[in-house]
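J.: sequence unavailable; structure follows:
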Ligand code: HEM
């Protein structure tokens, strides 16, 4: 595993990222944009499922915000992997980074299972199940955001 992580950090792409301030800034900016789309899409949806804005049609919100959150997660994962490659052995050692990846895995798996089970617009889901899923989702994504920011203070 250690050799794999060291190999990842030695790739041309990781070396180029470490060597270019502007390239790194562009990838970091892409990561922030992905996070903004992800959390900006998912938080209003979760709050609606938890009972906020009862007069706003849930299916309309879902039609707009679910694809936005999916695009944000895709962008955050792709750019996150590039940032990770820059210092793979150091990041992999950090408890904060491992906890962040744990929350992302739980958040993404829970969302996937929910949609597979209850439909694209969650039309078949009971209200209690939706409220629990929304609470878990809020914890996972805001937690991942907080831990991601924390890496800068405890990391390499
Ligand atoms: C596989 C997915 C991901 C990987 C591998 C990853 C990896 C990383 C890495 C290596 C950094 C740089 C840390 C540093 O040195 O300061 C970072 C920053 C960050 N990540 Fe991620 N990330 C992923 C997904 C996410 C997601 C889904 C979120 C939010 C929900 C997130 C939130 C953040 C935040 C807030 C920062 C700090 C950005 C900054 O202050 O410039 N990450 N991530």
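T.: Now that the structure is in, tell me what you want to look at. Every value quoted in this text rests on a predicted model; they were computed, and no experiment measured them.
J.: where does the residue of the chain positioned farthest from its centre fall, phi/psi-wise?
T.: In the chain, counting by Cα atoms, centre = their mean, residue 55 sits farthest out from the average C-alpha position, at 28.6 Å. Backbone torsions for residue 55, taken as degrees, to the nearest 10, come to phi -80, psi -10.
J.: gap between the residue positioned nearest the centre of the chain and residue 16?
T.: Centroid-nearest residue in the chain, with Cα atoms, centre = their mean: residue 73, separated by 5.0 Å. Using Cβ to Cβ, to the nearest Å, we find residue 73 at a distance of 25 Å from residue 16. (Glycine included, C-beta is placed from N, CA and C.)
J.: ok, residue 155 next?
T.: Where residue 16 is concerned, residue 155 sits at a distance of 21 Å (Cβ to Cβ).
J.: returning to that earlier point: in contact with the residue nearest to the centre of the chain, which residues?
T.: Shown in contact with residue 73 (Cβ atoms under 8 Å, 6 or more residues apart in numbering): 34, 38, 108.
J.: out of the residues you listed, which is most surrounded?
T.: residue 38 (25 neighbours; other Cβ atoms under 10 Å).
J.: hang on, that residue packs against residue 76?
T.: Yes. The pair residue 38 / residue 76 is scored as a contact, 5.7 Å apart, by Cβ atoms under 8 Å.
J.: residue 52 in helix, strand or coil?
T.: Following DSSP: H, G, I helix; E, B strand; the rest coil, we place residue 52 in the coil state.
J.: need the phi and psi values for it.
T.: Taking degrees, to the nearest 10 as the convention, residue 52 sits at phi -70, psi 150.
J.: ok, residue 29 - how many residues close by?
T.: 11.
J.: what helix or strand is it on?
T.: Here residue 29 sits within helix 21-49, counting by DSSP states H and E.
J.: in that helix, which residues are buried?
T.: 24, 27, 30-31, 34-35, 37-39, 41-46, 48-49 (16 or more other Cβ atoms under 10 Å).
J.: ok, now stretch 66-84?
T.: So, applying 16+ other Cβ under 10 Å, buried residues of stretch 66-84: 66, 68-70, 72-73, 75-76, 79-80, 82-84.
J.: looking at those residues, spot the one nearest the ligand.
T.: Ranked by distance to the ligand (Cβ to the nearest ligand atom), those are led by residue 80 at 2.5 Å.
J.: re earlier: touching the ligand at all, the helix or strand that the helix holding residue 29 is followed by?
T.: For helix 21-49, the following helix or strand on the C-terminal side (DSSP H and E) is helix 58-86. Yes. For helix 58-86, a contact with the ligand is found by Cβ under 6 Å from any ligand atom, at 76, 77, 80, 81, 83, 84.
J.: please consider this matter closed, and thank you.
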